[in-house]
Structure formats: C-alpha cells, structure tokens
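1. Here is my input, please return the structure:
(chains A and B)
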Amino acid sequence: MNEEAETEYVRGLLGRAVDEVQVPGSRGSEAVFAKASRVRWRRRTTATGVAAAAVAAGLVFGPGVLSSGHGARVASAPTAGEYTTKAGRFAKLLPAGTGKISEISLVRLFKQQPKAKEPKPVGPYDGAYAVARPDGVGYIAVGVVPRSVIDAKTGGAGLGNPCKDAPKDGRIGCTTQKLPDGSILGVWETPPADPALHPVPAGGREFDASLRLKDGTHLDIRASTGFEGKGQLGPLLKTPPLTRAQLTKLIQNPALLK
Amino acid sequence: MTRGEEAALHAFVEGRRPALFRSAYLLCGNRDEAEDLVQTTLVKVVLGARRHGRLESLEAYARKTLVNTFISARRRFWRREHAYGEVPDVAGRSVDSDTGLVVRAALAELAPRQRAVLVLRYWEDLSVAATAQVLGMRESTVKSHTARGLAALRAAVREEYV
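-> Model (predicted):
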C-alpha cells in the first residue's frame, strides 16, 4: 500500500469511528465566553489589586487551625506576639461568631514555597486570614492598594467602576454606591471557579468588596469559602465567612486604612 | 479587541465546535469527555485570542490546545489510576463487528501521545513536521508513534475481520 492509499485507508477507518457518534447540540458560544470571562477575571484579581495586596501582610498559619496539614508544611512558626496581635485585632473587627481567625500566607500556600517572597503590606490589616468553622475553612483577604500601584498597572487610567464589566467578568449581583465621603463602594459575588480550567488553586464562592477612595487608594476585601488544590486549607465553607451586609460594614471600618 | 474581531471569535467558536468534537472523540473515545475537552479548549482559545489580540492562527491554536489539553489531562488521569492498579478508560474489546467500534477500541489501547499522533496525521491531515510542532516532539518520534499506532490499528482490524 503506498503512502497516499494508506493515508486514505486510515482516514477512512477513523471516519468510521466518528461517523456514528452524534455531535452534541451546541451549548452556544455564550457559555464558552462566560466561562472565559470568569477565568480571566480570576486571574486578573489574583495578579493585581485584591489578591496581590491581600497577601502583602499574610505571613503564617496560626497553630492548630487548619485541618489539612498543608499549611504546616509551608509555614514558619509565628512569634506569639505577631499571632495574637494582628489576627486577634482583626478578629475584633469581625462580627461575633465569624469563626476562628488566624493569619495565613496565600502566596506561600499557592506556590507551596515556605520562603516565597511577599509584597510589603500597606494597610495595618493587609493580609489573609483563615476562617475556621466546623464545616470547613475559608478565608478573608484584605488589601490596601495605593494609587501609585494602580496607576502603574493601568497606565494612569484607574480601575473605573467595579461593576462596569460585571456580567462579562462573571460577577454576580454587583452593586455600587457613593458614600458620603465621596468614595465608591462596589460589592459583588464571585461564583466558584471551574477546577478543570483553574486547577491550582480553584477558588470557591466568595463575596468581594472594593472601596475606591477619593484620593485613588483602593481597599479590597474578599470573603471566600476557600479554595481547592495544592495548599488547600480544608473543606470549603458552605457559605462565605461574611455575608454581603457584614462585608459592606467591614470595608467601611476606618481601622483598615489607618 | 474590536467588535469585528469579537464577532469573528464568536463565529469561530460556534463554527469550529463540531469539527473539534470529532477530533476530541477520536482522542477520548468517550462522548462526555470529548464534549468537556472541546469546551475547555474553546475557553482557552478565547482567553488566548483576547490576551494576544490575534485571530489569524486560531485554527492551529485550537488544534494544539485540544491535543495538549487531552494529553495533559490523561497524564494526570493515568497517574491517579495507576495508584489503584487499574487501567483507565480502555474500552473492552468489542465482539461487535462494527468497524467503528473496533477502531475506537484499538485507539483506546494506544498511549495518549500515539493516539494524538494518529489523529493529527490522518484525521487532521497534518504533515509529520506540523504534527511534531503541535506536540512538541521530534519528527522521528512522530514517525515511530505513527508506525506503532498504525500497526496496532491494522492488527485490530485484521483480527476482527480475518
């Protein structure tokens, strides 16, 4: 059999193998684009703004909080002073019954590198905090982003209205309001990431809030049910550690900026 | 990306899906897995096209993404399955004399890379060089995978019909 004939023969065989399978009805390109938007938004928030700043001060795990044991491998032990002071003070800003709070480093967890370098914190509570409850472990990430950083990333254009691209970026129920001091507050929900597309780490459902101050500074907070993948804190919480209302109240607490 | 480019991207996603599904089905041998593979591939294509702002090589990009996503997923799958001592996703040899079933069973017994080589060479009609480029392997490796894959395919068909 010459090469051309063989090619035709094999192609014919493969054709027989797919002939009988029915091509599924189109799920529509919209589903593809919606999923792409969610992934893109996730990556963007991880690379800039919220996550980058939120991990700035996240340092280490508190002992005995996490169920999976991954944290112990990536964390160095905190001094008693660090642990009790910052996580303890942050816990006091949260509603009673939020859960057991301890500082974590998302950078170190995600990278699985105990010595991964972290950006310097800007706000007094910048960082990530594990929220342990009987049903699982979520986290709250807090980050102040100075105007200079945002300008550098956006070429001076700023981030604009947080809800402008909400549907395209997969944000659900995005609302904005202008506060009496002139700052803009955006609050929305982010659905869980698809682990197949975003395997490490795949974030769970979360509420997000972004406060854009008049001077261009941003304060961002994520209240997440957790994440799945390497460094996973534990089972995902059934609901985010803060409700929308609680998150809205927390982000307006001036102590987060001082 | 301009509106026209976005529209072209939508048209590509809509129009290319059936062809990608057939290739995915040959690779996976499973309808549901093939459908998921195509969906994942198209999402990656959309992300890539928007990131790079280029549309001229979508076809090649989609093809490359499809096979590499398949191989990557299968690699994880095999590793996980081996821990339990099971062989994953290998269709049992069919007693049905239907050629399609025989071919699918033969493909399922090939290693993922060999399967990918056959699909690219004979279904997607790529040259040895182009196949090597898509899979990131040497041309000599493509040729050896092709030879082994074809031998297995021929043997399966012969065994069934002789």
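2. okay, CA-based contacts and neighbour counts for the rest of this
-> OK.
3. Which parts of the stretch 101-250 of chain A are helices?
-> Using DSSP state H, counting those that start in this stretch, the helices of the stretch 101-250 of chain A run over residues A:106-111, A:147-154, A:244-251.
4. where does the closest residue to A:E8 other than its chain neighbours sit relative to B:S144, distance-wise?
-> Closest residue to A:E8 in three dimensions, ignoring its sequence neighbours and counting by CA to CA, 6 or more residues apart in numbering or on different chains: B:Y122, at 8.0 Å. Per CA to CA, to the nearest Å, B:Y122 is found 15 Å from B:S144.
5. Compare neighbour counts for those two and give me the winner.
-> For B:Y122 and B:S144, the more surrounded residue by other CA atoms under 10 Å in any protein chain shown is B:Y122, and the numbers stand at 22 against 13.
6. for stretch A:241-258, what is the average pLDDT?
-> Here stretch A:241-258 scores 94 as its mean pLDDT.
7. Can I get it in PDB, CA atoms only?
-> The C-alpha atoms that make up stretch A:241-258 are tabulated as PDB, following Å, rounded to 0.1, in the frame of the first residue of the first chain:
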ATOM      1  CA  PRO A 241     -17.400  33.700  56.100                       C
ATOM      2  CA  LEU A 242     -19.100  37.100  55.800                       C
ATOM      3  CA  THR A 243     -22.500  38.000  54.400                       C
ATOM      4  CA  ARG A 244     -22.800  40.800  51.900                       C
ATOM      5  CA  ALA A 245     -24.100  43.100  54.600                       C
ATOM      6  CA  GLN A 246     -21.300  42.100  57.000                       C
ATOM      7  CA  LEU A 247     -18.700  42.700  54.300                       C
ATOM      8  CA  THR A 248     -20.200  46.000  53.400                       C
ATOM      9  CA  LYS A 249     -19.900  47.100  57.000                       C
ATOM     10  CA  LEU A 250     -16.400  45.800  57.500                       C
ATOM     11  CA  ILE A 251     -15.000  47.500  54.500                       C
ATOM     12  CA  GLN A 252     -16.200  50.800  55.700                       C
ATOM     13  CA  ASN A 253     -14.300  50.400  59.000                       C
ATOM     14  CA  PRO A 254     -11.700  53.200  59.000                       C
ATOM     15  CA  ALA A 255      -9.400  51.000  61.100                       C
ATOM     16  CA  LEU A 256      -8.500  49.000  58.000                       C
ATOM     17  CA  LEU A 257      -6.800  52.100  56.500                       C
ATOM     18  CA  LYS A 258      -5.100  53.700  59.400                       C
END
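8. Residues contacting it, please?
-> Residues outside stretch A:241-258 that contact it (CA atoms under 8 Å, 6 or more residues apart in numbering or on different chains) are A:93-95, A:98-99, A:123-126, A:131, A:138-140, A:144, A:187-188, A:207-211, A:219-221, A:223-225.
9. Sounds good, over and out.
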